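Chemist: Pasted the sequence and its predicted model underneath.
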Amino acid sequence: MTNSTYLISPSLTKEQLQLENTVRLGVMASGSGSNFEAIAQAINEGRLNAKIEVLIYNNPNAKVKERADRLNIPTVLLNHKDYKTRKAFDKAIVKVFQTHQVQWVVMAGWMRIITQELLNAYPQKVINIHPSILPSFKGINAVEQSLEAKVKVTGCTVHLVDLEVDSGLILIQAVVPIFPDDTADSLHDRIQIQEHRIIVDGIALAVKKVDS
Ligand code: GAR
């Protein structure tokens, strides 16, 4: 049951998700990095025509760093605590991405609010994944929010990023049922199985929409 796909929309064929040119990705992550690894795995298996040029992580203890090392993907630690303002922090992020000639940015569990600084450098080219069916349950603790609201289904969303938190053009969503005995952890685990699918297709969709 846990591995089932309940509903992903839009549902696209391999051909529809095929990218002509290899896309240079920059990934930002703050935590475990399972979405980061899902992207890397899709690339290695030929399901996504892209290359992760660099991973930026902001938490020195983030598990994502171990994953990147194992996958031989370059990493840069930018600790937000070392910057006086969000703008200065984002400026540093942009610098790293530009040095690595990144074309598209993916926020894969990035737990910081971004500024215009990043969006000016990458207009309509920043992608985020969020563990709810947006526009429901924006912000932090989206999984807990869905349990508190006693809704019967939730899921995840991949969308383009704009200045407002968890808004911007929705690219793809997956639905996940909530079971009566779910805890935040059990539900999040089930959502993440779907996240690892839609993050990959969401990147392809975003690139195709802009390039087409
Ligand atoms: C994911 O569930 C992602 O949707 C969420 O953080 C998790 C990161 O997991 N992002 C947000 O809540 C952003 N608002 P991961 O580190 O295993 O990829």
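Modeler: Perfect, thanks for sending it.
Chemist: Tell me which residue is most central in this protein.
Modeler: The centroid of the chain falls nearest to Ala108 when counting by Cα atoms, centre = their mean (3.1 Å).
Chemist: Quick check: closest non-adjacent residue to that one.
Modeler: Asn35 (3.9 Å; Cβ to Cβ, 6 or more residues apart in numbering). From N, CA and C alone the C-beta is placed, and that goes for glycine too.
Chemist: how about the helix or strand hosting Ile172: buried residues?
Modeler: Assessed by DSSP states H and E, Ile172 sits inside strand 170-177. Neighbour-count burial for strand 170-177 flags 170-177 (criterion: 16 or more other Cβ atoms under 10 Å).
Chemist: Give me the contact status of that strand with the ligand.
Modeler: No: on the criterion Cβ under 6 Å from any ligand atom, strand 170-177 is out of touch with the ligand, staying 11.0 Å away.
Chemist: Tell me the gap between the helix or strand just after that strand and the middle of its chain.
Modeler: Toward the C-terminus, strand 170-177 is succeeded by helix 184-211 as the next helix or strand (DSSP H and E). Here helix 184-211 is found 7 Å from its chain centre; the criterion is Cα atoms, centre = their mean, to the nearest Å.
Chemist: and the angle for helix 184-211 with strand 170-177?
Modeler: 160 degrees (axes from the mean of the first three to the mean of the last three Cα atoms, to 10 degrees).
Chemist: one step back: give me the neighbour count for the residue nearest to Ala108.
Modeler: 25 (other Cβ atoms under 10 Å).
Chemist: Distance-wise, check it relative to Ala42.
Modeler: 11 Å (Cβ to Cβ, to the nearest Å).
Chemist: Tell me which residue of the protein lies closest to the ligand.
Modeler: The chain approaches the ligand most closely through Gly109 (2.6 Å), counting by Cβ to the nearest ligand atom.
Chemist: Check which helix or strand that residue maps to.
Modeler: Assigned by DSSP H and E, Gly109 belongs to no helix or strand.
Chemist: Quick one: the buried residues of strand 170-177 as JSON lines, columns for distance to Lys87 too.
Modeler: Output for the buried residues of strand 170-177, formatted as JSON lines (distance: Cβ to Cβ, whole Å):
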{"residue": "Ile170", "distance to Lys87": "27"}
{"residue": "Leu171", "distance to Lys87": "27"}
{"residue": "Ile172", "distance to Lys87": "30"}
{"residue": "Gln173", "distance to Lys87": "31"}
{"residue": "Ala174", "distance to Lys87": "34"}
{"residue": "Val175", "distance to Lys87": "37"}
{"residue": "Val176", "distance to Lys87": "36"}
{"residue": "Pro177", "distance to Lys87": "41"}
